[in-house]
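Enquirer: what follows is a protein structure lacking sequence information:
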């Protein structure tokens, strides 16, 4: 049995005025809880160090830059890395990344148990829009502040398991899980900052949004025989509510742990990586059962192309 005790470290709201140092203190507090629970790995949310700033339309590039990290670790986050190393716990968390040559990505990293960064992922599926939208109840400007990720969907060997990452909206796209599934992934880690209200459909209830979140992750887990750990940043950020719903999903698509609040909360489950083997060698044995000759549209076409019209009589 290859067991990894995983903690999903949900964060409550981070206000615009909160400092990175204050947030890191909260992350370390969750890490200490995880140590007490015997965790080997802790997964934090998307944009874990700041508020979800894409909700604001900002024209001043200097003002935008304050939300981005230019190196990792840095002065603010080094205590988290030090605490993780001292606890012998691997971590994964998301942040806004500005590269040395000026590119901006929504990024997540993975460390080993010595706090060495061994994996980096940059969000591919950016939702929202790039200019101010008067038709929305609130803005969702990820396309304004981030570029689509340029690293694909890599999988890393870590802690005797095959691990991958994705971020927020990525979880809704089945291609994401399959790209990693084709590399044998056994654990997919993802963080999200998902508004509790749909900015384009205000009457869509929270129950439906949580259902769609669960559906995306449980289906991805089952269809690729992998563990999935989805972790939220939740709560009311400066009047803008984010939903919780952090879960740990087994390779059969069952939810094994679920957050009960919208605040700082740790969920824990002992995840046996060997539990992936049955699905990967039976119904989802890709080598035996996939028929890529019939999947050409998936890799060559983006938008919908309708079939020819029905013939008229």
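Expert: Happy to help now that I have it. Keep in mind it's a predicted model, so treat the numbers as computed, not measured.

Enquirer: report the mean per-residue pLDDT for stretch 32-48.
Expert: Per-residue pLDDT values over stretch 32-48 give a mean of 98.

Enquirer: counting neighbours, what do you get for residue 274?
Expert: Neighbourhood size, residue 274 [other Cβ atoms under 10 Å]: 12. Where you see a C-beta, it was placed from the backbone N, CA and C, and this is true even at glycine.

Enquirer: quick check: buried residues in the top helix by length along the chain?
Expert: Identified as the longest helix of the chain according to DSSP state H is helix 206-224. Buried residues in helix 206-224, defined by neighbour count with 16 or more other Cβ atoms under 10 Å: 209-210, 213-214, 216-224.

Enquirer: contacts for it next, please.
Expert: 171-172, 174, 176-178, 180-181, 185, 188, 190, 192, 194, 196-198, 226-228, 230, 243, 245, 247, 249-255, 279, 284 (Cβ atoms under 8 Å, 6 or more residues apart in numbering).

Enquirer: what do you get for stretch 258-266?
Expert: With Cβ under 8 Å, 6+ apart as the contact definition, stretch 258-266 has outside contacts at 7-13, 26, 29-30, 33-34, 37, 232, 234-235, 241-248, 267.

Enquirer: first-to-last residue distance for that stretch?
Expert: Counting by Cα to Cα, to the nearest Å, you get 9 Å between the two ends of stretch 258-266.

Enquirer: same deal with stretch 65-84?
Expert: One end of stretch 65-84 to the other measures 27 Å (Cα to Cα).

Enquirer: same question, stretch 28-44
Expert: Distance across stretch 28-44, first residue to last, is 11 Å (Cα to Cα).

Enquirer: repeat for stretch 178-191
Expert: Its first and final residues considered, stretch 178-191 spans 18 Å by Cα to Cα.

Enquirer: circling back: tell me which of the contacts of helix 206-224 fall in helices.
Expert: Short answer: those in helices (DSSP H) are 174, 176, 177, 178, 180, 181, 279.

Enquirer: show the pLDDT at the residue nearest to the fourth one when sequence neighbours are not counted.
Expert: The one in question is residue 178. Counting by Cβ to Cβ, 6 or more residues apart in numbering, residue 178 lies nearest to residue 224, which is 6.4 Å off, once chain neighbours are set aside. If you check residue 224, the pLDDT there is 98.

Enquirer: next one: the one 10 residues further on
Expert: In this prediction, residue 234 carries a pLDDT score of 98.

Enquirer: state the distance from it to residue 151.
Expert: 27 Å (Cβ to Cβ, to the nearest Å).

Enquirer: how about residue 159?
Expert: In terms of Cβ to Cβ, residue 159 sits 21 Å off from residue 151.

Enquirer: tell me which of the two has more neighbours.
Expert: Between residue 159 and residue 151, counting by other Cβ under 10 Å, residue 159 is the more crowded of the two (17 against 14).

Enquirer: contacting residues around the more buried one?
Expert: 4, 40, 41, 90, 112, 113.
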